[in-house]
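Chemist: Test case, fold it:
(one chain, ligands or ions: 1)
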Amino acid sequence: MLKGLSLIQPNDLTVSEIDEICTLAEQIIVDPSSFQDVCRGKILATLFFEPSTRTRLSFEAAMLHLGGTVEGFSDASNSSTSKGETLADTIRVVSSYVDVIAMRSPKEGAALLASKFSECPIINAGDGGHYHPTQTLTDLVTIRALKGGFEGHTIGFCGDLKFGRTVHSLTEAMCRYKNVKFVFISPEELKIPDWVSNFLDEANIPYSTASRLEDVIGDLDILYMTRVQKERFFNEQDYLRLKDSYILDKAKMELARKDMIVLHPLPRVNEISPEVDSDPRAAYFKQVKYGMYARMALIAKILGVL
Ligand code: NCD
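Modeler: Predicted coordinates:
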């Protein structure tokens, strides 16, 4: 039952609810205008305590395309948080004005905490280095559209697997499909955290690790590139040392399968050379578009209007 649900982590959705959302997103893509009024009279609040371009604008565009309205803030210094208000109080107040809240915070667990105090559903738009479930829905809609489904793929995650919440979220979601294999490509310092690898171990899901992208790129159906998450480093020196660990370029793409797709949640810094953008396997800008449709489907389902 999606109506009224708070989405904090991908596994708050069952596999069949994910299918339901993907199917609705596909219907919206085919005929967006027939959905332009379904959220008339509904309000989405976007509370972003951390910078964002895509995710916030994607949520706002999604709600506007559904005929709803949007309010919120993109900078916590403009909100009462700067006066010392607690998250619990901010959420109590905002949730009494609106129908659904999308929130992003630098703190792990903030969305879960918010959901305990909210009168309306909370959608986690990123909580620190923890989870980012609507990016995962974006990724899943993209994978279903471009690869025909979720089963049997070998997916390689490359870059900052320690702090990359998109990686943690998509791993959690993809674990539930048959015969999915994971390859984690990172420097030692940025490897997948134990809470994610323990989860794979307990579920008996095969995965391997690599330090060179060239060594494994030829085995992949999906390559998920990520940015080194500068804002989560304690030390500038470490960031500078690690930031260019991986750069996907034309030469590396030549080692990849003809039908591999390259995903990236964006923003990219240096990790994908612009020369890759014209490669038909580069799917990261298509992924952005799928993200808006995924969020439209999610909002409509959570509000119970479809
Ligand atoms: C990601 C995020 O915020 O975690 N971006 C996004 O939501 N599209 C990835 C990132 O910032 O590197």
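Chemist: What residues does the protein have near the ligand?
Modeler: Residues of the chain lying close to the ligand by C-beta under 6 Å from any ligand atom are Arg54, Thr55, Gly126, His132, Gln135, Arg165, Thr166, Arg227, Gln229, Pro265, Leu266. Yep, even glycine has a C-beta here, placed from its N, CA and C like the rest.
Chemist: Just the buried residues out of those residues, in ChimeraX syntax.
Modeler: A single ChimeraX command selects the buried members of the residues of the chain next to the ligand (16 or more other C-beta atoms under 10 Å):
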select :54,55,126,132,135,165,166,227,229,265,266
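Chemist: from the residues of the chain next to the ligand, which ones fall inside strands?
Modeler: Here DSSP state E is the test, and the residues of the chain next to the ligand give Gly126 as lying in strands.
Chemist: Closest one of the residues of the chain next to the ligand to Lys301?
Modeler: Using C-beta to C-beta, Gln135 is the member of those that lies nearest Lys301, at 17.3 Å.
Chemist: per-residue confidence at the closest one?
Modeler: Listed pLDDT for Gln135 reads 98.
Chemist: how about it, what does it touch?
Modeler: Shown in contact with Gln135 (C-beta atoms under 8 Å, 6 or more residues apart in numbering): Thr55, Gly126, Arg165, Thr166, Ser169, Leu170, Pro265, Gly291.
Chemist: check contacts around the fourth one.
Modeler: Spelled out, it's Thr166. Contacts for Thr166 (C-beta under 8 Å, 6+ apart) come out as His132, Gln135, Thr136, Asp139, Tyr224, Thr226, Pro265.
Chemist: just Ala110 next, same as before
Modeler: Contact partners of Ala110, counting by C-beta under 8 Å, 6+ apart, are Phe49, Leu87, Met103, Asp127, Gly128.
Chemist: and it, what pLDDT?
Modeler: On the pLDDT scale, Ala110 is placed at 98.
Chemist: buried ones in stretch 242-253?
Modeler: Of the residues in stretch 242-253, Leu242, Lys243, Ser245, Tyr246, Leu248, Lys252, Met253 count as buried by neighbour count, 16+ other C-beta under 10 Å.
Chemist: cool, and stretch 81-96?
Modeler: Of all the residues in stretch 81-96, those buried under the rule 16+ other C-beta under 10 Å are Thr81, Leu87, Thr90, Ile91, Val94, Ser95.
Chemist: Repeat that for stretch 182-190.
Modeler: Phe182, Val183, Phe184, Ile185, Ser186, Pro187, Leu190.
Chemist: Doesn't the third one lie inside a helix?
Modeler: Just to be clear, that refers to Phe184. No - going by DSSP: H, G, I helix; E, B strand; the rest coil, the assignment for Phe184 is strand, not a helix.
Chemist: and the secondary structure element (helix or strand) that Val93 belongs to, average pLDDT?
Modeler: Element membership of Val93, judged by DSSP states H and E, is helix 87-94. Helix 87-94 comes out with an average pLDDT of 97.
Chemist: which helices and strands sit right next to that helix?
Modeler: In this structure, helix 87-94 makes packing contacts with strand 43-48, strand 100-105, helix 110-117, judged by 3 or more C-beta pairs under 8 Å, 6 or more residues apart in numbering; DSSP states H and E.
Chemist: Reformat these as a markdown table; add distance to Leu7.
Modeler: Formatted as a markdown table, the helices and strands packed on helix 87-94 follow (distance: least, C-beta to C-beta, whole Å):
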| stretch | distance to Leu7 |
| --- | --- |
| strand 43-48 | 13 |
| strand 100-105 | 9 |
| helix 110-117 | 8 |
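Chemist: Go through the ones you listed and pick out the most buried.
Modeler: Stretch with highest mean neighbour count among the helices and strands packed on helix 87-94: strand 100-105 (a mean of 26; mean count of other C-beta atoms under 10 Å).
Chemist: Which residues are in contact with the closest residue to the ligand within the stretch 101-250 of the chain?
Modeler: Going by C-beta to the nearest ligand atom, the ligand is nearest to Arg227 of the stretch 101-250 of the chain, at 4.0 Å. Counting by C-beta under 8 Å, 6+ apart, Arg227 touches Gly159, Asp160, Gly164, His264, Pro267, Arg268, Val269, Glu271.
Chemist: Tell me how far the residue nearest to the fifth one when sequence neighbours are not counted lies from Leu47.
Modeler: Leaving aside its chain neighbours, Pro267 sits nearest to Arg227 (6.5 Å; criterion: C-beta to C-beta, 6 or more residues apart in numbering). Arg227 sits at a distance of 23 Å from Leu47 (criterion: C-beta to C-beta, to the nearest Å).
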